[in-house]
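Chemist: starting from these lines, generate the structure:
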Amino acid sequence: MSRLFCGIDNIEEYSSFLKGKNIALISNQSAVDASFRQSVDVLNKEFNLKCLFELEHGIRGNVQAGEKVEGSIDES
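Modeler: Numbering: from 1, shown residues only. Next up, the predicted model:
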């Protein structure tokens, strides 16, 4: 059986392009790698992740549907 890899699983291929740059990410809690680590955590560990744009329910999935989300800082 073939194994499916998402873009975040191949991030090493882009490290020369991403190193030293400020990165923004549009994501939500379902964006994970093959080890179920959130993409935001993978990128923040290796690169200069400066800005997150989250969709409904927040980047960690802890906001209820329809709830207003103010600006915040992800402390993870």
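
Chemist: N10 and G61, how far apart?
Modeler: The gap separating N10 from G61 is 24 Å, by C-beta to C-beta, to the nearest Å. All C-beta spots, glycine's among them, are computed from the backbone N, C-alpha and C.

Chemist: for the biggest helix by length in the chain, buried residues please.
Modeler: What stands out as the longest helix in the chain, according to DSSP state H, is helix 39-46. Residues S39, V40, V42, L43, N44 are the ones in helix 39-46 that count as buried (16 or more other C-beta atoms under 10 Å).

Chemist: send me it as CSV with only the CA atoms.
Modeler: Included here for helix 39-46 are C-alpha records, laid out as CSV according to Å, rounded to 0.1, in the frame of the first residue of the first chain:
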residue,chain,number,x,y,z
SER,A,39,2.1,22.0,11.1
VAL,A,40,2.4,25.1,13.2
ASP,A,41,4.6,23.2,15.7
VAL,A,42,6.8,21.7,12.9
LEU,A,43,7.4,25.0,11.2
ASN,A,44,8.0,26.9,14.5
LYS,A,45,10.6,24.4,15.6
GLU,A,46,12.8,24.8,12.4
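
Chemist: packing partners of it?
Modeler: strand 22-27, strand 48-54 (3 or more C-beta pairs under 8 Å, 6 or more residues apart in numbering; DSSP states H and E).

Chemist: from the contact counts, what lies against the least confident helix or strand in the chain by mean pLDDT?
Modeler: Using mean pLDDT, DSSP states H and E, the weakest-scoring helix or strand in the chain turns out to be strand 48-54, at a mean of 88. Judged by 3+ C-beta pairs under 8 Å, 6+ apart, strand 48-54 is in contact with strand 22-27, helix 39-46.
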